[in-house]
Every structure is written in C-alpha cells, then in structure tokens.
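Trainee: sequence unknown, structure follows:
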C-alpha cells in the first residue's frame with residue numbers, strides 16, 4: 001500500500017498520539033504515573049464542588065486559542081462531544097497540582113499580552129516599511145502652533161522655527177521657572193519634558209525668561225542668619241518641652257501656630273525671611289527632634305501630639321464626664337480629710353498670733369480659698385493674709401468632721417465625736433451666763449467672775 005504524504009503542522013499533535021484514549025485514572029494533563037498526589041475536584045467537600053473543571057476547561061481552551069498549548073495535550077481526547085467541562089466532570093478527571101500550575105490564569109494573561117506586543121511590533125514594522133509621501137504644511141497648520149511661553153501663534157505666513165530638542169534646555173527653563181515662581185509655567189512643565197510635548201517657542205520669549213531670572217536676586221543665608229534660624233528653632237523646642245512638662249494635660253500643637261511663633265521670632269532677630277517659612281520643613285525638624293510625636297491632619301490644619309497622648313485622648317473621649325468629676329471630688333476630699341485627722345491641736349487657754357491658721361491644715365485652707373475665690377494665681381498673690389471667712393469655715397469643718405459615721409445614729413443634726421475634736425471653748429447652752437460682765441469679758445459661760453450677778 002502506498003504511503004500518504006502530509007505536510008506536518010508543528011502546532012498539531014503527532015499522528016501517533018491522536019488516536020490514543022485518555023486514561024482517566026491518571027493525570028489528564030500529563031498522562032504519566034508519578035508519586036505526586038492526584039487532585040480531583042469532584043471529591044471536594046466545598047459548596048462549589050466541581051468548579052475546578054470549569055476553570056481548567058476555560059484555561060485549556062484559552063491556551064489553545066493563542067497557540068501555546070503543548071503537543072502532549074490534545075483537546076479532542078478530552079471532549080466526547082458535550083464539551084470539555086462536561087467530559088471532565090463525568091469521568092471525574094484528576095490532575096497533579098504541578099501540572100495545573102502550568103496552565104493558570106496568570107500565565108494565560110501574560111502570554112496573551114506578550115503575543116499582543118509581538119503583533120503590534122510586527123504591524124509597526126510593516127507600516128514603517130511602507131512608502132511615505134511628504135506633504136507640505138499649509139498656513140492653517142502653521143498658524144495653529146502657539147508659543148510655549150506666551151501662548152501666542154506665529155504671525156501669518158510664518159511658523160515657529162524654534163523647537164525644544166535638548167534636555168539641557170528643559171533643565172534651564174525649569175530652573176528659571178522655579179527661581180521666578182511662575183505658577184503658569186510650572187503647571188505647563190509638570191505635564192512632561194519639552195521634548196515629549198514637542199514644544200515650540202519664540203526666541204525673544206526664551207531670552208526674556210532668562211533675563212528675568214537673572215535679574216531676580218537669589219536669597220542666600222549668611223552665617224548670622226543660619227545662627228538666628230538655629231536660635232529660633234531652639235527656643236521653639238524649649239517652648240514645646242515646657243508645655244509638655246505638665247503631666248495632667250496632654251498638649252496638642254497646631255503646626256500653623258508653631259510656624260507663626262517661629263516666623264515672629266526670626267523677625268525679632270532681624271532675619272530676612274524669603275517668602276514664608278515652609279511649614280513642612282519645620283514639621284520635619286520638630287518630628288526629628290521629638291521622635292515620640294506624630295503629625296495628624298485635621299481638615300486643613302496639621303496637629304502634633306505625642307504617641308502616648310493619642311491613646312489617653314481616645315480613652316478620655318470614651319469616659320463619661322460626670323464619672324471623672326466625681327472621682328476628682330472624692331480624691332480631693334480624701335486628701336483634705338487625711339490632713340485634718342493627722343492634726344492634733346490642744347487649746348492652751350490663750351490665743352496666740354496666727355492661732356487660727358495653725359489650728360487647721362494647709363490643704364483645707366487652700367481648698368476653701370479656691371472654693372470661695374477661685375484658683376486664680378493673681379488673686380492669691382495680691383494678699384498675704386488669710387481672709388477671715390476662710391478661717392471660720394475651715395475651723396467649722398475641723399470641729400464637725402468625723403472619722404466615720406455611727407451605724408445606729410438616727411438624728412442627722414446630732415454630731416458626736418471624741419474630746420480631741422472639741423472646740424477650744426464650750427458651745428453648749430447649759431450653764432450660759434447672760435450678765436453684762438460676761439459680755440465684757442468676751443465669755444458667756446457660768447464660770448465667769450460675775451459674783452452671782454447672773455442670777456439676777
């Protein structure tokens with residue numbers, strides 16, 4: 001029998017493998033016996049059981065469409081006529097994990113992208129090999145060109161012959177724009193370099209830009225100015241440290257306030273500040289000196305706060321104000337009561353100078369003063385003597401205080417305490433003397449030397 005000759009297609013599998021049957025007990029991708037465990041989506045316990053067959057079928061078809069499927073895999077043997085997915089699911093196909101990784105979605109996308117780039121490059125080379133016919137630009141296209149600097153077109157019948165063709169020109173123009181702080185020119189330059197923008201310009205416009213930049217004086221700090229900047233920053237750091245010394249208050253610094261303080265101090269030192277102080281640079285300097293601080297943006301403002309204070313502020317915001325106030329009041333009362341019961345004062349029969357101040361603790365006097373007059377340092381320092389209402393209220397509290405209240409005490413107006421808490425003079429109604437002599441002697445007790453006149 002004569003042989004039949006056929007041109008071999010390298011993308012098609014060999015004739016010796018086209019008629020082979022698929023062994024579904026082996027890996028459907030490599031059809032080899034290895035020690036690697038076979039993975040079967042049909043045996044999965046997930047709710048999406050069998051979804052792996054759909055994914056593998058789509059990937060194999062995708063690789064075959066772009067011609068990247070190896071010759072060892074013939075899609076015809078994986079399709080009984082109802083589709084690859086249905087065939088794989090009916091035969092409960094299995095495969096090695098290493099084989100499935102060769103045909104994942106990421107590799108398919110990369111291969112498609114690489115193929116597309118190759119096709120685009122081939123199209124570009126084909127277009128470049130074509131014959132190109134030159135056409136002269138008309139007046140309309142020439143007049144449509146505008147200068148990069150003045151945004152004005154060329155005169156009628158002329159064209160902008162100057163074209164940006166070097167990176168050195170782009171660098172020089174950017175330096176001049178930064179020196180002049182020309183916002184419109186900087187916005188144009190932010191799009192890209194002049195060569196990429198195919199910028200054209202008038203030569204007088206370029207020379208005018210260079211002349212204006214040359215006439216602008218460049219601010220250069222002298223040695224004295226640098227010293228003044230360092231001194232102002234040192235004073236700003238000292239101000240921040242002094243503010244953070246208070247352990248009861250968590251300070252929050254606004255960056256705008258710090259910039260104002262820094263600028264004001266530089267002006268006081270007769271230092272010329274070019275433009276304005278850059279707030280971001282000052283913020284970086286402050287954060288570099290205080291590593292435990294961090295910057296937070298609050299709307300248009302930037303605030304600086306310590307790491308530890310952030311947690312305390314969040315915790316404080318979650319607390320109830322009434323509970324905090326009650327705790328502070330209880331703490332103040334405990335401090336004053338502890339000092340009150342420590343003091344033991346016995347009346348010696350006469351009133352010495354400053355005996356009223358010595359009979360009560362200092363903490364009690366301070367609390368009563370702040371309750372009556374407020375915690376104002378100016379009001380406290382204006383008078384060196386203690387006001388009489390403060391002394392009277394303090395002595396009244398000392399005489400009527402108790403260590404603990406008795407459980408069986410019924411009358412709320414009756415106060416019983418030990419002899420050490422008695423007043424220097426008796427205040428009972430029993431034995432009072434109402435005679436005139438007793439009033440002159442500043443005593444109203446029956447023990448006064450009235451000679452029995454009280455009975456009259």
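Mentor: Everything's here; your move. Bear in mind the structure is a predicted one, so any value in this text is a computation, not a measurement. Numbers count the residues shown, from 1 in each chain.
Trainee: I'd like to know how many residues surround residue 147.
Mentor: 19 (other CB atoms under 10 Å). Glycine gets a C-beta too; all of them are placed from N, C-alpha and C.
Trainee: ugh, typo on my part, it should be residue 259
Mentor: Residue 259, neighbours per other CB under 10 Å, totals 18.
Trainee: Which elements pack onto the strand or helix carrying residue 287?
Mentor: Following DSSP states H and E, one finds residue 287 within helix 279-289. Packed against helix 279-289 by the contact rule (3 or more CB pairs under 8 Å, 6 or more residues apart in numbering; DSSP states H and E) you find helix 223-243, helix 255-268, strand 293-298, strand 301-306.
Trainee: could you give the angle of it to helix 255-268?
Mentor: 100 degrees (axes from the mean of the first three to the mean of the last three CA atoms, to 10 degrees).
Trainee: Mind checking the pLDDT average for helix 279-289?
Mentor: Helix 279-289 shows a mean pLDDT of 89.
Trainee: What segments of this structure are strands?
Mentor: Applying DSSP state E to the chain gives strands spanning 38-39, 95-96, 162-163, 200-201, 253-254, 293-298, 301-306.
Trainee: Including mean pLDDT, could those go into JSON lines?
Mentor: Supplementary listing: those in JSON lines, determined by pLDDT from 0 to 100:
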{"stretch": "strand 38-39", "mean pLDDT": "83"}
{"stretch": "strand 95-96", "mean pLDDT": "84"}
{"stretch": "strand 162-163", "mean pLDDT": "80"}
{"stretch": "strand 200-201", "mean pLDDT": "86"}
{"stretch": "strand 253-254", "mean pLDDT": "90"}
{"stretch": "strand 293-298", "mean pLDDT": "86"}
{"stretch": "strand 301-306", "mean pLDDT": "87"}
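Trainee: could you give the mean pLDDT of stretch 354-361?
Mentor: Here the average pLDDT along stretch 354-361 is 80.
Trainee: Endpoints of that stretch, how far apart?
Mentor: Stretch 354-361 has its terminal residues 13 Å apart, counting by CA to CA, to the nearest Å.
Trainee: Longest helix in this protein, by number of residues?
Mentor: helix 105-128 (DSSP state H).
Trainee: Where does the prediction get shaky in the stretch 251-400 of the chain?
Mentor: 273-276, 312-322, 346-350, 376-384 (pLDDT under 70).
Trainee: Which strands or helices does the longest helix of the chain pack on?
Mentor: helix 51-65.
Trainee: Summarise which helices and strands the helix it packs on is packed against.
Mentor: helix 84-90, helix 105-128.
Trainee: residues of the first one that come out buried?
Mentor: Neighbour-count burial for helix 84-90, counted by 16 or more other CB atoms under 10 Å, picks out 84, 85, 87, 88, 89.
Trainee: Repeat that for stretch 353-372.
Mentor: 356, 359, 360, 361, 364, 365, 367, 368, 369.
Trainee: contact partners of that stretch?
Mentor: 332, 335-336, 339-340, 342-343, 345, 352, 380, 386-387, 389-391, 393-395, 397-398 (CB atoms under 8 Å, 6 or more residues apart in numbering).
Trainee: what do you get for stretch 177-190?
Mentor: 148, 149, 170, 173, 174, 209, 212, 213, 216, 218.
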